[in-house]
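A.B. asks: The sequence isn't on hand, but the structure is:
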C-alpha cells in the first residue's frame, strides 16, 4: 500500500516532504519563554511569492498561512 503524503484541509493542500530549511536554531527553540514563536522568510520568485515558515507549533503556523489564503503548504513531520 503506497504512503499518502498529501491531504486536503478546507481549501488548502498540505504535502509532507522530506526536508525544508530550518529557520530556528536549537537554542532558539529551547528558549522561547512560553511564547508561540513563528519565523517567516518571504521571497518573490518567478512563480510568485514563496513563504518559508518554521515554528515548534506547526498547527499555529498552518493556521496563520491558511488565514493568509495560502493554497499549498509543504511541511515535514519533524524539525
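C.D. replies: Now that the structure is in, tell me what you want to look at. Just so you know, these numbers come straight off a predicted model, no measurement behind them. Numbers count the residues shown, from 1 in each chain.

A.B. asks: Neighbours of residue 66, how many?
C.D. replies: Number of residues near residue 66 (other CB atoms under 10 Å) recorded here: 16. Placement of C-beta: from N, CA and C, glycine included.

A.B. asks: again with the one 3 residues further on
C.D. replies: Residue 69 has 8 neighbouring residues, counting by other CB under 10 Å.

A.B. asks: Tell me which stretches of this structure form strands.
C.D. replies: Secondary structure of the chain (DSSP state E): strands at 6-9, 12-16, 39-45, 48-54, 72-75.

A.B. asks: what lines up beside the first one in the sheet?
C.D. replies: If I follow you right, that is strand 6-9. strand 12-16 (antiparallel) (DSSP bridges).

A.B. asks: what does the partner strand rub up against?
C.D. replies: 5-8, 62, 65-66, 70-77 (CB atoms under 8 Å, 6 or more residues apart in numbering).

A.B. asks: Which one of the residues you listed sits in the busiest neighbourhood?
C.D. replies: Within the contacts of strand 12-16, most neighbours by other CB under 10 Å means residue 65, with 20 neighbours.

A.B. asks: which ones are touching the closest residue to residue 19 other than its chain neighbours?
C.D. replies: Nearest residue to residue 19, sequence neighbours excluded (CB to CB, 6 or more residues apart in numbering): residue 76, at 6.7 Å. With contacts taken as CB under 8 Å, 6+ apart, residue 76 has the following neighbours: 16-20.

A.B. asks: Thanks a lot, catch you later.
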